[in-house]
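K.L.:
Okay, sequence plus prediction incoming.
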Amino acid sequence: MRAKLMTVAFVVAVTAVGCGADGEGVVVEGAAPAAPYSGPLQVPVKNLDEDSPRATRIESGAAGRALECDGEIYSGGGSDRWSEGDGGATPAEGLEAYFEIEQPDVPRTGYREERREGERVLYSLDVQGRTKVAVIVAKDGEGRPGWGPETSASCDPAELPESFTDTQWYEIWTDRDGRRVPITTVNTSVGPEHCDWQQAHFLSTGQGKDGRLYVRDPAGVLPPDALSSPYDGDVRLPADARDTGYRYEDQELWLTDDDPAKAYIRTPDGVEAWPEVNDGFGCA
């Protein structure tokens, strides 16, 4: 499955199993939404050689159409083949097989059957009545014996329940009005353990050619040639710095147009300058 993640190669996402409220199961009882998805449950899937919301929507078929995202679609795609015995005997077991086969970074509990049509069933994970994760399971597809995932899609993690996102690798920021910001716009994360960079903290802004990666590295765990300039934990905020409005706990993100290779983090204790990580740098 293709996932539109705004990370750098060495920042590794670790999948955590999210738990639903009160220990609810993978599929929960309940009525379908007031306005269930009414489109086709089977839409031809075409794989495109690009990383964009448009490509993800096309690659996720009917599941992508069933989403009700506030922003852009985040991840989605068709399922790979699996072996005899990997699929389920029922649609609900087919949903469970989705988690075992695909290992997606989405909650594993709290799904409802939204619609059934022939040998396809749409399961949705709703937040405030809107579908944020959609999984279409089908029976006995080509190279997919039994019930299992056919297509799936999800909105940006910022739209998923906090009980799930609080267990994940990313830290979700808010805007000046307190609304959660997509992680494709801004996110922070602890450095990867396999690189022994846990003492560093990374800040990702934007995506694609406009994306930048900054780092807080007071312990100097990254080599100097990895950074555009040294980290500085006590600086004066430049006169031309602008408040982005993005917040994480007591941190404020400030940026300047004159020196985009630095991000300024203001806290009640002062201002830090986080340097940009040089393009192409990573760890084995």
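P.N.:
Here it is on my side, so go on.

K.L.:
Need the pLDDT of the residue most central in space within the chain.
P.N.:
Geometric centre of the chain, nearest residue: residue 157, 4.4 Å, by CA atoms, centre = their mean. Note on residue 157: pLDDT of 98.

K.L.:
Residue 25 too?
P.N.:
According to the predicted model, the pLDDT of residue 25 comes to 77.

K.L.:
Going along the chain, name the helices of the stretch 151-284 of the chain.
P.N.:
In chain order, the stretch 151-284 of the chain shows helices spanning 162-165, with DSSP state H, counting those that start in this stretch as the criterion.

K.L.:
typed the wrong thing, it's the stretch 1-150 of the chain
P.N.:
Under the criterion DSSP H, counting those that start in this stretch, the stretch 1-150 of the chain contains helices at 53-59, 61-66, 91-102.

K.L.:
Contacts for the longest one, please.
P.N.:
Helix 91-102 is touched from outside by 1, 26-27, 79-80, 82, 86-88, 104, 108, 111, 113, 116, 121, 123, 135, 137-139, 146-149, 152, with contacts defined as CB atoms under 8 Å, 6 or more residues apart in numbering. The C-beta positions use only the backbone N, C-alpha and C, and glycine is treated the same way.

K.L.:
correct me, but residue 144 touches residue 137?
P.N.:
No. At 9.8 Å, residue 144 does not count as touching residue 137 under the criterion of CB atoms under 8 Å.

K.L.:
intersection of neighbour lists for the two?
P.N.:
Common neighbours of residue 144 and residue 137 are listed as residue 150 (criterion: CB under 8 Å, 6+ apart).

K.L.:
Quickly note the distance from residue 38 to residue 78.
P.N.:
Residue 38 sits at a distance of 22 Å from residue 78 (criterion: CB to CB, to the nearest Å).

K.L.:
domains in the protein, as residue ranges please.
P.N.:
The record's domain split for the chain, according to automatic domain parsing, is 17-29+37-159, 170-275.

K.L.:
Comparing these, which comes out most buried?
P.N.:
Among these, judged by mean count of other CB atoms under 10 Å, the one packed with the most neighbours on average is domain 17-29+37-159 (a mean of 19).

K.L.:
quick one: stretch 223-235 to chain centroid distance?
P.N.:
Once both centres are worked out by CA atoms, centre = their mean, to the nearest Å, stretch 223-235 turns out to sit 28 Å from its chain's centre.

K.L.:
That stretch spans what distance, first to last residue?
P.N.:
22 Å (CA to CA, to the nearest Å).

K.L.:
For that stretch, give me every contacting residue.
P.N.:
Contacts with stretch 223-235, where a contact means CB under 8 Å, 6+ apart, come from 215-218, 220, 261-262, 264, 270-278, 281.
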